[in-house]
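Undergrad: Quick check, what structure comes out for this input:
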Amino acid sequence: MNEFFQRVIRALKLEAALFEEVEADRDATTQAIGVVLLSGIAAGIGSSGRGLAGGILLLTTASVLAWVVWAVVTYVIGTKLLPGARTEADVGQLLRTVGFSSAPGVIQVLGVIPVLAGAVFVVASVWMLVAMVIAVRQALDYESTARAVGVCLIGWSLQMVLLGALLPAWSPPPAV
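TA: Next up is the predicted model:
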């Protein structure tokens, strides 16, 4: 457990070496799932003050779904469409690194404080995006951060389209 929390702290610090480490450690997949779950739970708790019914379950489920979709989409874009000269990766490596890039999402729990809610969610989103770029750069062995940014922007756009198509199917029908 101590290793897990140390890795989360290193992810929060945006340590590139941490993302290399979890990329290579197949046993870190379970830890990556734990980071995604913590981030989703934190988002649910942080959103509870804004009247989001069932926020913890909804946002945790959405976090897990987004994580898997993001990792697979990023894998395809990064290894098939925009590989670097040294790019060699598998989906598991992207799942692990992307999972740890959600570590900054744990601060979303502070969203329960009404005066902080908006700022907390913006800061968490930007911090997670920066972590994602580092995770992608390391997992795909890119020499250029710009290439990682491009992959993340394309992946984020595709993920939003995919999730936009999937999430309405989960929504309850409107009350009549």
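
Undergrad: Give me the helix or strand of this protein that scores worst on average pLDDT.
TA: helix 145-170 (a mean of 80; mean pLDDT, DSSP states H and E).

Undergrad: For the most centrally placed residue in the chain, give me phi and psi.
TA: Centroid check for the chain by Cα atoms, centre = their mean gives S102 as the closest residue, at 3.9 Å. Note on S102: backbone dihedrals following degrees, to the nearest 10 are phi -90, psi 0.

Undergrad: quick one: contacts for it?
TA: S102 makes contact with 35-36, 39, 63, 67, 128, 131, according to Cβ atoms under 8 Å, 6 or more residues apart in numbering. Yep, even glycine has a C-beta here, placed from its N, CA and C like the rest.

Undergrad: again, only this time at 7 Å
TA: 35-36, 39, 63, 67, 128 (Cβ atoms under 7 Å, 6 or more residues apart in numbering).

Undergrad: likewise W67?
TA: Counting by Cβ under 7 Å, 6+ apart, W67 has contacts 36, 98-99, 102.

Undergrad: closest to D25 among those?
TA: Taking Cβ to Cβ as the measure, D25 lies nearest G99 of those, at 11.8 Å.

Undergrad: burial of that closest one, as a residue count?
TA: 28 (other Cβ atoms under 10 Å).

Undergrad: Which helix or which strand is home to V36?
TA: helix 28-48 (DSSP states H and E).

Undergrad: Now do the buried residues in that helix.
TA: With burial defined by 16 or more other Cβ atoms under 10 Å, the residues of helix 28-48 counted as buried are 28, 31-48.

Undergrad: the helices in the chain, which residues?
TA: For the chain, the helices defined by DSSP state H cover 2-12, 16-24, 28-48, 55-76, 91-101, 117-139, 145-170.

Undergrad: Can you report how many residues neighbour the nearest residue to G34 once chain neighbours are set aside?
TA: Counting by Cβ to Cβ, 6 or more residues apart in numbering, the nearest residue to G34 once its immediate chain neighbours are dropped is F4, at 6.4 Å. If you count neighbours by other Cβ under 10 Å, F4 ends up with 14.

Undergrad: again with L81
TA: Neighbour tally, L81, other Cβ under 10 Å: 10.
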